[in-house]
Structures are given as C-alpha cells and as structure tokens.
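In: one predicted model, sequence on top.
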Amino acid sequence: MVPAAGTGVRLGADIPKQYLTLAGLPMIEHTLRALLANDQIRAVVVAVDPADTLIDTLPSATDRRVIIVHGGQERSHSVLAALDTVAELGKSGDWVLVHDAARPCLPRSALDRLIAAARSSNTGSILVSPVDDTLKQVNAEGEVIATVDREAMRRAQTPQMFPLGVLRASIAEALAAHYSVTDEASAMEFAGHPVATVPGPRCNIKVTVAEDVALAEWYLTTTER
Ligand code: C5P
C-alpha cells in the first residue's frame, strides 16, 4: 500500500509533492510503477486525500491492480485506512508492503531483496541506510549532551514489509496509546514485535524539500530501475 494523502507543505510547491513531474512523469507514477513491476505484488492500495483530483489522471490508475482509498489526518491514519482495504483482499497472514508515494526512486533489486529477506526469515523487515554524519544528542537549549554512536544507527526507508494482521493490530495499539507512529516499524516495535533490517540503496530518498526534487530526478535518469 502507498500512503499518498500528504500535502507536502515542507516542499512549498502549489500541488501536492507526489504530483510534481520528475523525469517526465508524476513522482507517484514512478512509485507505483516500481511496485507494479513486481509480479509478487497482487494489488496496490493507494491512500489519497479526499479532495485529490489528480490521482485518476495517472497512467497507472487504470491498472486493474491499483485501488484508490481515502487517507487520514496523519500518515499512520492513511496507512490504517488502506490496510482495511488490503484486509478485504486477503488473509490476516498475508504480507503487506508499505511504501511512501514520496520515494519514487526504488530500484527493482532493492524491492526483491526486501521481499526475499522477509519471506526467508519470516520476520517483518525494512530497508535501511547507514548514517553518514556524526550524530549529536542535544538538550532543550540546543547544547550538545552526547555524541551518539552512529555505527549503531540506521535511517529507516520504505518499503517496510510485515504480516498484515500483526501490522494492523500494532498500528491500532500504538495509536490508541498516543504513540507517535512515523513509520510502520515504530508501531511494530511498540507492540513488541521484531523488525529485521535489509540494506537499502542510497538512491531511495524521500522527497521532502525542494532540492530533493532535483536529486530524485537525477537518480531516476542515471541509476538502473
Ligand atoms: O510528509 P511525509 O513526507 O513524511 O509523508 C510520507 C508519506 O506519507 C507521503 O507519501 C505522504 O503523501 C504520506 N501521507 C499520507 N497521509 C498523511 C500524511 C502523509 O498518506 N496524512
């Protein structure tokens, strides 16, 4: 499933960021094609803003495997809404991948690696990348308290892949406890489930601010899909 109900305010464009044109196609069209190219994916449920009028204009919107639903106020609400539809399509033990619309540069090989790792270990799994910068923990005044060991740190990417029933229950449990669910793995951790990591590629960036648009376009035109 693809959460795509955000407005992308940090990017400052006049349309939601997932519809910005990158290398000749809307960002989200690249994202959908990366998923639809994988024949292990039976359906792609996309959560959009109820006022979204652009989703139906995408070439992939006519694909029989694509289902559009309405998202919610926060990303986690959008994920939960889409998981309700995923649940109608399958069984609780089926696997589901959650992948941000704003990550259009996912290579086929990374998706294959993630799916293979989750299936073979039978453990929920996420793509991650290393941390390049030295990390500082600061207090409320912004003064450095400590240097965090970056070797033990990872940046969480998407897709993230979990058994459907466990993921739904974990997100519901975390939201009910007002826990901040910024990715699916955080809800799984909250509910006490293990999450394995799979090395993700550097190109799998989340387009967030204006300069990311140029970088994503560069990745889309120079790296192998
Ligand atoms: O805002 P951010 O870049 O963290 O959003 C990550 C993804 O979650 C984006 O694809 C965005 O469209 C989606 N989202 C959503 N529903 C929201 C907020 C964000 O589906 N209410």
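Out: Cool, the structure landed.
In: and the ligand, is stretch 5-15 touching that?
Out: Yes. Shown here: stretch 5-15 in contact with the ligand (Cβ under 6 Å from any ligand atom) through 5-6. In this view, the C-beta of every residue, glycine as well, is placed from N, C-alpha and C.
In: which residues are contacting that stretch?
Out: For stretch 5-15, the surrounding residues in contact (Cβ atoms under 8 Å, 6 or more residues apart in numbering) are 16-18, 20, 47-49, 52, 54, 70-72, 75, 78, 101-102, 207-210, 212-213.
In: near the ligand, which residues of the protein?
Out: Contacts of the chain with the ligand, taken as Cβ under 6 Å from any ligand atom, map to 3-6, 18, 47, 71-75, 78, 100-102, 206, 208.
In: on that earlier part again, next step: the contacts of stretch 5-15 restricted to helices.
Out: 75, 78, 210, 212-213 (DSSP state H).
In: of all those residues, which two lie farthest apart?
Out: Comparing every pair within these by Cβ to Cβ identifies 78 and 210 as the most remote, at 23.3 Å.
In: quick one on the thing from earlier: can you flag the buried ones in the contacts of stretch 5-15?
Out: By neighbour count, with 16 or more other Cβ atoms under 10 Å, the contacts of stretch 5-15 hold 16-18, 20, 47-49, 52, 71-72, 75, 78, 101-102, 207, 212-213 as buried.
In: out of these, which sit inside strands?
Out: 47-48 (DSSP state E).
In: now the strands for the chain?
Out: Counting by DSSP E, the strands of the chain are 2-4, 21-22, 25-26, 44-48, 66-70, 95-98, 125-130, 135-138, 144-148, 154-163, 196-199.
In: can you add mean pLDDT and give these back as a markdown table?
Out: Shown next, in a markdown table, are the strands of the chain (pLDDT from 0 to 100):
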| stretch | mean pLDDT |
| --- | --- |
| strand 2-4 | 97 |
| strand 21-22 | 96 |
| strand 25-26 | 97 |
| strand 44-48 | 98 |
| strand 66-70 | 98 |
| strand 95-98 | 98 |
| strand 125-130 | 98 |
| strand 135-138 | 97 |
| strand 144-148 | 97 |
| strand 154-163 | 98 |
| strand 196-199 | 98 |
